[in-house]
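A.B. asks: Sequence and computational prediction follow.
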Amino acid sequence: MTVANRRRGADRRVKTVPVQMERRSGLDRRMIVESATAQIHAVLELLTQLAEMGALRDDSRRLLDTSMLRLRYALEKMEPD
């Protein structure tokens, strides 16, 4: 049987499978954001400890400072007013 012959028949891959839609409530979405916020706070704490150790070269320290600034900015955007 050649490839062309196999392609002439009915497409066996097409199946209709019902999928249940799960909608998140506002509380669920807020909990996810709060969880992400808590994780970012924890990462910032760890990065601050690393920066305060003084074991980084100047260029690595600048990259770390920039990363921390970006994380703080993202955190401000996530947190409710």
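C.D. replies: Nice, I can see it. Residues are numbered from 1 along each chain as shown.

A.B. asks: what's the longest helix in this protein?
C.D. replies: helix 26-53 (DSSP state H).

A.B. asks: Which elements pack onto that one?
C.D. replies: Packing contacts for helix 26-53, counted by 3 or more CB pairs under 8 Å, 6 or more residues apart in numbering; DSSP states H and E, involve helix 58-78. Where you see a C-beta, it was placed from the backbone N, CA and C, and this is true even at glycine.

A.B. asks: which of the residues in the helix it packs on are buried?
C.D. replies: Using 16 or more other CB atoms under 10 Å as the test for burial, helix 58-78 gives Met68.

A.B. asks: In the protein, which residue is most central in space?
C.D. replies: In the chain, the centroid-proximal residue (CA atoms, centre = their mean) is Ala36; its distance is 8.7 Å.

A.B. asks: With adjacent residues omitted, what lies nearest to that residue?
C.D. replies: Met78 (6.6 Å; CB to CB, 6 or more residues apart in numbering).

A.B. asks: ok now stretch 42-62, how far from the chain's centre?
C.D. replies: 22 Å (CA atoms, centre = their mean, to the nearest Å).

A.B. asks: can you check stretch 28-35 too?
C.D. replies: The answer for stretch 28-35 is 13 Å, by CA atoms, centre = their mean.
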